[in-house]
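Engineer: Here you go, sequence then predicted model.
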Amino acid sequence: MIKKRFTALILTVALTVLMSGCFFASSPKTTLRQTGKGNEGKSAYTGNTVFDPVYYPYYSMLNQSAKDAYSMIYDGLSSGQTNIKLGGGITAKDVTDAFNMVLLDHPELFWVRTDFNYSYMEITGAVTSATFNFYDFASTPELLAKAKQDFDNAANAIIAGASAYRTYAEKELYIHDEINRIAEFNSGAKYSQSAYSVLVTHSSVCAGYARAFQYLMQKSGIPCYYCAGTADGEAVAATGGTETSHSWNVVRTGITYCNVDCMWDDSVSNAYGKNQYPFFNLSDKSFKYHTRTGMSVNLPACNDETQSYKAKFGDTIEAKDLIFKK
């Protein structure tokens, strides 16, 4: 009997997830030939991790195959893995969508960069594995452990301070103010797409502010989401940005939702020489400089006009009264 040998072509593609928030990147491609059947026939996710949609809304926006990929990616990254095997007929789009949503839902994975590689079977298109990249401060298990300790120490100090307050609004305000106290906007900041840039290195862009706020609010028991979008060009330039790509947060205030932009509040406060809160807990209607894009359009609408700083705490310059000058 003559045995036939088949060689499967596995292609490896390098990608960068395009995250909103003062960040742009290209998507270079490379290919790698390997032999073997891969694992495209294996079953999909069989773990036990459950993602509460109240805290992790982006997971709920995916199809089932992408949800499987999301779960496998999250479990792997949480345990410090860089190469994660995938199965169950997961497609390249599933992996890309899943990784994007993992980053949007989980600011605690602060050591994970936005670029990654995946390998797939040429004939079926099924993805066999994905390789993710960590920042240089987490390039070894020892460095990652040190980075987690530094991150946790900084975060826990703020979380402990917030716990002294009784209401959600007071906790939120404390976290907002602590972020703006320790962080400075820097368009060239290293690690700017990570909450680490705010909590540890104290230099970031809008994405870092939004991820740090999201993480601290989540850890304080308050649902808070990373919102990707664009902002008015003149306003961006006036508040220190360089691109109209922007990010902020949507926070659950009781049973309603509001928009919060820590970085813009920080920039306005610096301009006035004292704390100001023009972008604290605004409705979509009042948040006129910001427009959601991508999957962020599916986040809850913000219709509450009663949770702004002026309504809850007192006088501040309001967004409607700001005049932006470059």
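Structural biologist: Thanks, I have the structure now. Predicted model, so just to flag it, every value in this text is computed and none were measured.

Engineer: any idea where the strands of the protein begin and end?
Structural biologist: Assignment of strands within the chain using DSSP state E yields the ranges 10-16, 83-85, 112-121, 127-134, 184-185, 203-204, 224-231, 245-253, 256-260, 280-282, 290-292.

Engineer: Quick check: which of the ones you listed is buried the most?
Structural biologist: Mean neighbour count (mean count of other C-beta atoms under 10 Å) peaks for strand 280-282 among the strands of the chain, with a mean of 28. Glycine gets a C-beta too; all of them are placed from N, C-alpha and C.

Engineer: Off-centre distance for that strand?
Structural biologist: 20 Å (C-alpha atoms, centre = their mean, to the nearest Å).

Engineer: for that strand, packing partners?
Structural biologist: Counting by 3 or more C-beta pairs under 8 Å, 6 or more residues apart in numbering; DSSP states H and E, the packing neighbours recorded for strand 280-282 are helix 168-182, strand 256-260, helix 309-312.

Engineer: Dump those to JSON lines, plus distance to residue 288 and mean pLDDT.
Structural biologist: Shown next, in JSON lines, are the helices and strands packed on strand 280-282 (distance: least, C-beta to C-beta, whole Å; pLDDT from 0 to 100):
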{"stretch": "helix 168-182", "distance to residue 288": "20", "mean pLDDT": "97"}
{"stretch": "strand 256-260", "distance to residue 288": "11", "mean pLDDT": "97"}
{"stretch": "helix 309-312", "distance to residue 288": "16", "mean pLDDT": "96"}
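
Engineer: Distance check, the most centrally placed residue in the chain against residue 92.
Structural biologist: Geometric centre of the chain, nearest residue: residue 104, 3.4 Å, by C-alpha atoms, centre = their mean. Going from residue 104 to residue 92 by C-beta to C-beta, to the nearest Å gives 19 Å.

Engineer: Counting neighbours, what do you get for residue 163?
Structural biologist: 12 (other C-beta atoms under 10 Å).

Engineer: same deal with residue 312?
Structural biologist: A count of nearby residues for residue 312, using other C-beta under 10 Å, gives 17.

Engineer: ok, back up a step: so the residue nearest to the centre of the chain sits against residue 250, correct?
Structural biologist: No. Residue 104 is not in contact with residue 250 according to C-beta atoms under 8 Å; the separation is 11.3 Å.
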